[in-house]
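[1] Below are the sequence and a predicted model for it; my questions follow.
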Amino acid sequence: MKILFSTDVHGSDVCFRKFLNALKIYKVDVGILLGDLCGKMINPIIKQPDGTYIVHLLGERRQLKTEEELQTAQKELAAMGNYYILTDPEEVEVLKAEGKTVAGRIDERATQISLSAGKVETLFKKLALERLESWMRLAEERLEGSNIEMFMAPGNDDIFEMDEVLDRSTYVVNADNRKVDVKGHEMITLSWSNPTPWDTPRECSEEELEEKIEKLVSQVQDMETAIFNFHAPPHGTMLDECAKLSEDLVPSTEESISAGSVAVLNAIKKYQPLLGLHGHIHESRAVQKIGRTTCINPGSEYTEAILRAVLITLEKNKVKNYMFVGG
């Protein structure tokens, strides 16, 4: 069985389309796309009195004078995972009056401003769900009749409303928090992570994570062929190294830390499944054996619209080979 596994596309329209295309190009039997699926911010495209639009993209202020320039900017924003709204200066001022910025949604979380309610948060949810719904329609159009099975699940960044969209798909299987059969391999999936500095929707203590894992593990009949599809990587491995953050959340250029989960590491050591699929730490693209278990994090470069993935060939109780792919 050949699997294409990717993770952390974070709203990137281009990365999702590349993933669908790659399933057929590499002639895989199964596609597995793990969260995070949500983008991180909204860019307002602000209509001016003269009919042009102003947008700030990667720190650059652009004036969009034609319909073609407007469409190009929209595609660029969607490619890097951002959402956008066509708006006017008056509406932007209303949104700002909440004490939140439209762009930099995650940064606002870092500064301890609650985004649990309000127009910006409502708008973010609407745009995130609309994009995911468009992805589900695209997957159904592209893969119907292909005999390729496709599994998806959220990650710690993803709002809970995304589960309902995945559950409604007539083609994609929402694998989160359950056991699914993957061509004869039992796969259990967990979207939750250990605590992060960002106060994301699906994070919890290591103790709570252990409870969630044990509940899933209790459903597995054969660990020799099982797959652990856990968003958080095992702690203290090559899959979970990232830059150390200062108190104001600025990443260090000299020091790194392990940000993965101890509960995930302990579960892999204890149960020794065939394969561990992980994400969460974008810069830690790596593979590492933990006992008999092959653990893989393909990394993520969604902001550059680059899909990072791994091709894995499984025999019944053996990882025959794997190969990192990207582009």
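    Nice, I can see it. Just so it is clear, the structure is predicted and the values come from calculations on it, not from any experiment. Numbering: from 1, shown residues only.

[2] Could you find the residue nearest the spatial middle of this protein?
    Centroid-nearest residue in the chain, with C-alpha atoms, centre = their mean: Asp36, separated by 1.9 Å.

[3] Run a quick check on that residue versus His10, I expect a contact.
    Yes: counting by C-beta atoms under 8 Å, Asp36 does reach His10; the two are 5.3 Å apart. Glycine gets a C-beta too; all of them are placed from N, C-alpha and C.

[4] shared neighbours, those two?
    Jointly contacting Asp36 and His10 under the rule C-beta atoms under 8 Å, 6 or more residues apart in numbering are Asp157.

[5] Now for the residue nearest to His278 when sequence neighbours are not counted: which residues touch it?
    Closest residue in space to His278, ignoring its immediate chain neighbours: Pro233 at 3.9 Å, by C-beta to C-beta, 6 or more residues apart in numbering. The neighbourhood of Pro233, defined by C-beta under 8 Å, 6+ apart, consists of 239-240, 260-261, 264, 278-281, 284, 295, 297.

[6] centre of the chain versus stretch 305-319, how much separation?
    In terms of C-alpha atoms, centre = their mean, to the nearest Å, the centre of stretch 305-319 is found 17 Å from the chain centre.

[7] Could I get the CA-only coordinates of that stretch as CSV?
    The C-alpha coordinates for stretch 305-319 follow below in CSV (Å, rounded to 0.1, in the frame of the first residue of the first chain):
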residue,chain,number,x,y,z
ALA,A,305,2.8,27.7,-1.1
ILE,A,306,5.2,24.7,-1.1
LEU,A,307,3.7,21.3,-0.3
ARG,A,308,5.8,19.1,1.9
ALA,A,309,4.8,15.5,2.1
VAL,A,310,6.1,11.9,2.4
LEU,A,311,5.4,8.9,0.3
ILE,A,312,5.3,5.7,2.4
THR,A,313,5.0,2.2,1.2
LEU,A,314,3.7,-0.3,3.8
GLU,A,315,3.7,-4.0,3.7
LYS,A,316,1.6,-5.9,6.2
ASN,A,317,3.8,-5.3,9.3
LYS,A,318,6.7,-3.5,7.7
VAL,A,319,7.5,0.1,6.5
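
[8] hmm, who's touching it?
    By C-beta under 8 Å, 6+ apart, stretch 305-319 touches 1-6, 9, 12, 14-15, 18-19, 22, 26, 28, 79-80, 184-185, 224-225, 274-275, 285, 287, 294, 296, 298-301, 320-327.

[9] Now which of these would you call buried?
    For these, a burial check counting by 16 or more other C-beta atoms under 10 Å picks out 1-6, 9, 12, 14-15, 18-19, 22, 28, 79-80, 185, 225, 274-275, 285, 287, 294, 296, 298-301, 322, 326.

[10] Sketch out the helices for the stretch 51-200 of the chain, chain order is fine.
    67-79, 89-96, 105-110, 119-143, 161-168 (DSSP state H, counting those that start in this stretch).

[11] so which of those comes closest to Pro44?
    Of all the helices of the stretch 51-200 of the chain, it is helix 89-96 that lies closest to Pro44, at 5.5 Å by C-beta to C-beta.

[12] which strands and helices sit next to that closest one?
    strand 42-47, helix 119-143 (3 or more C-beta pairs under 8 Å, 6 or more residues apart in numbering; DSSP states H and E).

[13] Could you name the helices and strands sitting against the first one?
    Helices and strands touching strand 42-47, by 3+ C-beta pairs under 8 Å, 6+ apart, are strand 53-57, helix 67-79, strand 83-87, helix 89-96, helix 119-143.

[14] Mean neighbour count, these: which tops it?
    strand 83-87 (a mean of 18; mean count of other C-beta atoms under 10 Å).

[15] Report all helices and strands that that strand contacts.
    Strand 83-87 packs on strand 42-47, helix 67-79, helix 119-143, going by 3+ C-beta pairs under 8 Å, 6+ apart.
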